[in-house]
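> fold the following.
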Amino acid sequence: MEDKKSQIMETALALFAEKGYHNTSIQEIADRIGIAKGSVYSFFRSKEELLITIFDHYHQLMYEMLRHTLTESLPPREKLEKLIRVSLEQFRRFKLFLTMQRKESHLHQKREIRDMVFEFRAKRFFAFRQVAAEVYGKETEPYWIDLATIISGMTFEFMNYAAFDRKNVDFGKVNHFIINVLDATAEALVKKKAEPVLTLSMMNDYIRAGKIGLSDEQQHLLQRVWELKDAVLQSPCSVKQREEAEQAYSTLESEVLRGNAGGVNARAMALFLGSLPEESIQQAAKKVLVTLQSPRWGEGEGNSCVRGC
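This next block holds a predicted model:
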């Protein structure tokens, strides 16, 4: 039964990529497989449901490749190298799906597909941000989002050259090139104290939608930290208090993302934020502290799932 469903999906994908979604009928899909039209409808109520199922299936496959890489117990730089390699390989492995998605970009007007694509892009972005944080450390924190964007943009363009423009691109060289660019960029940005292009507030929707490779406990804690962050951003603090609070919650968030939620720094930042005069911040900080006091974090088992749970 599942083999037949997969055959219908693969055949439909090939026809959508070849002729376009609107120019392909259910009858054509059935004819190419050699089955009755009604057999297709026994699995999918409509052509649109078939399309949405295809999008969901392939995005899940690509997501699992990223998730698997992030959950491997690898040193940070090796994880970055593998994540870039896996991202490049995705485009070769799923070329037909990506060809259809590129050719039929108007399909993103459908809300379900638009939301699905955004969720995958957010997970991919969040994965790159996490690894950038692990590799380049606290001093580059203002640039984690920009570094993630560099990884995403460069892998995407090199993939286009290889997959769609038929350029003979050596992905091994591409991997090393991207990492060299990241190393030089991270060093230069810190040295020059450059202003970041993308900020947490600007990319908050991506970060919140992209929680990839995190355990349930860590997702819960991260949600508490984000609630605390919102309380700080919305409070009428003095300029000095706001700057100190923003520095504290940034440190707290980075400790959680790096799997150090059970450490002294995370608790110290939460305690500091809880000492601020604004009641909304105090309440949000208290929730974070209560979560940190749970056995999961209290026993020093705060390692992130992305570090090899």
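
> is the residue nearest the centre of the chain in a helix, a strand, or coil?
The centroid of the chain falls nearest to residue 123 when counting by CA atoms, centre = their mean (1.8 Å). Here residue 123 is helix, with the state taken from DSSP: H, G, I helix; E, B strand; the rest coil.

> from the middle of its chain, how far away would the helix or strand hosting residue 49 be?
Assigned by DSSP states H and E, residue 49 belongs to helix 47-70. In terms of CA atoms, centre = their mean, to the nearest Å, the gap separating the centre of helix 47-70 from the centre of its chain is 14 Å.

> list the helices and strands it packs on?
Helix 47-70 is packed against helix 2-19, helix 26-33, helix 76-93, helix 95-103, helix 111-136, with contacts defined by 3 or more CB pairs under 8 Å, 6 or more residues apart in numbering; DSSP states H and E. Where C-beta positions appear, they are placed from N, C-alpha and C, glycine not excepted.

> of these, give the one that comes closest to residue 155.
Residue 155 sits nearest to helix 76-93 of all the helices and strands packed on helix 47-70, at 4.6 Å, using CB to CB.

> so who does the residue of the chain most remote from its centre touch?
Centroid-distance maximum for the chain: residue 36 at 40.4 Å, with CA atoms, centre = their mean. By CB atoms under 8 Å, 6 or more residues apart in numbering, residue 36 lies in contact with residue 30.

> quick check, pLDDT for it.
pLDDT for residue 36: 94.

> try residue 291
On the pLDDT scale, residue 291 gets 89.

> where's it, which helix or strand?
Assigned by DSSP H and E, residue 291 falls in helix 279-292.

> before we move on, what about residue 176?
Counting by DSSP H and E, residue 176 is found in helix 171-192.

> residue 152: what secondary structure?
On the three-state scheme (three-state DSSP), residue 152 is labelled helix.

> look up how far residue 27 lies from the residue farthest from the centre of the chain.
10 Å (CB to CB, to the nearest Å).

> returning to what we had before: which one, of the helices and strands packed on helix 47-70, ends up nearest to residue 168?
Checked against CB to CB, the stretch from the helices and strands packed on helix 47-70 lying closest is helix 76-93, at 12.8 Å.

> contacts for that closest one?
Taking CB under 8 Å, 6+ apart as the rule, helix 76-93 contacts 62, 65-66, 69-70, 72, 74, 98, 124, 127-128, 131-132, 134-135, 151, 155, 158-159, 162-163, 171, 174-175, 178-179, 182.

> can you say which of the residues you listed are buried?
Neighbour counting by 16 or more other CB atoms under 10 Å classes 62, 65-66, 69-70, 74, 98, 124, 127-128, 131-132, 134-135, 151, 155, 158-159, 162-163, 171, 174-175, 178-179, 182 among the contacts of helix 76-93 as buried.

> ignoring the adjacent residues along the chain, who's closest to residue 269?
Nearest-residue entry for residue 269: residue 252, 4.0 Å, with adjacent residues in sequence omitted and distances by CB to CB, 6 or more residues apart in numbering.

> in contact with that neighbour, which residues?
Per CB under 8 Å, 6+ apart, neighbours of residue 252: 225, 228, 265, 266, 269, 270, 273, 288.

> just the buried members of those residues?
Among the contacts of residue 252, the ones that count as buried by 16+ other CB under 10 Å are 225, 228, 266, 269, 270, 273, 288.

> the helix or strand containing the fifth one: how far from the chain's middle?
Counting by DSSP H and E, the element that carries residue 270 is helix 264-274. Helix 264-274 has its average C-alpha position 27 Å from the chain's average C-alpha position, going by CA atoms, centre = their mean.

> stretch 95-111 too?
With CA atoms, centre = their mean, you get 20 Å for stretch 95-111.

> again with stretch 160-180
That offset, for stretch 160-180, works out to 21 Å (CA atoms, centre = their mean).

> give me the mean pLDDT for it.
Mean pLDDT, stretch 160-180: 91.

> for stretch 223-234, same thing?
In this model, stretch 223-234 has a mean pLDDT of 82.

> what sits up against it?
200-201, 208, 242, 245-246, 249, 252-253, 256, 270, 273, 278, 280-281, 283-285, 287-288, 291.
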